[in-house]
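One predicted model, sequence on top.
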Amino acid sequence: MQFAYDVLQVLYFFLPAYLANMSPVLIGRRFSALAIPMDGGRTLWGKRILGDHKTWRGLLAGIIAGTMVFELQRFLYDTGVAQGLALFDYSAHPLLPGLLMGLGAGIGDAVKSFFKRRIDIEPGESWPVFDQLDFFLGAYVFVSLVYAPPLLLTLASLPVVLIGNIASNAVGYWLGFKKTWI
């Protein structure tokens, strides 16, 4: 039972990454001035580096969402509401972990897109497992610069992240936010 609770703590810790990953879809077509592809339309070996779907707008939205969610977690920690779910002292780490998780989620997604382009998977086309875990792995790498969640527990949480991401994508598809359900 303790192991399941420890995994729940890891999932709670990475809540900023989850929301950062969803934020580009949630902001939709707003802030069109930032809808500039991160790769600037450049190609590598005759293929787009990332594609039109990876924009500065999405990356910035993820950074802002990750930071805001982390700050909410810090507020809840400071008021005693969510101290039992905390892996560490949120009061000692303002802003930076949330910013790093938001940035890491976006960069993890961009790295995955780079490889999708290399193996001829079109933007928006599904790449099962990689599409579901890219943000989480990126967030882990980036946030580890200031705090490294326990690796074994993080690995144990991957099946939950995978299933949760598929479920949230299915809901996004059903609500008309996404073009594919997975």
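Structure's in. What do you need? Residues are numbered from 1 along each chain as shown.

From here on, just use CA atoms for contacts and neighbour counts.
OK.

from memory Arg74 sits against Ser91, does it?
Yes. With contact defined as CA atoms under 8 Å, Arg74 reaches Ser91; the gap is 6.2 Å.

buried residues in the lowest-mean-pLDDT helix or strand in the chain?
In the chain, the helix or strand scored least confidently by mean pLDDT, DSSP states H and E is helix 151-174, which has a mean of 90. Within helix 151-174, the residues that count as buried by 16 or more other CA atoms under 10 Å are Leu153, Thr154, Ser157, Leu158, Val161, Leu162, Asn165, Ile166, Asn169, Ala170, Gly172.

can you pull the contacts of the third one?
Under the criterion of CA atoms under 8 Å, 6 or more residues apart in numbering, the contact partners of Ser157 comprise Val7, Leu8, Val10, Leu11.

Could you do the second one as well?
For Thr154, the residues meeting the contact criterion (CA under 8 Å, 6+ apart) are Val7, Val10.

Any regions of this structure where pLDDT drops low?
Within the chain, the stretches with pLDDT under 70 are 181-182.

before we move on, back to that, the buried residues of helix 151-174 into TSV, with extra columns for distance to Gly66?
TSV is the format used below for the buried residues of helix 151-174 (distance: CA to CA, whole Å):
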residue	distance to Gly66
Leu153	21
Thr154	18
Ser157	19
Leu158	19
Val161	16
Leu162	19
Asn165	16
Ile166	20
Asn169	19
Ala170	22
Gly172	19
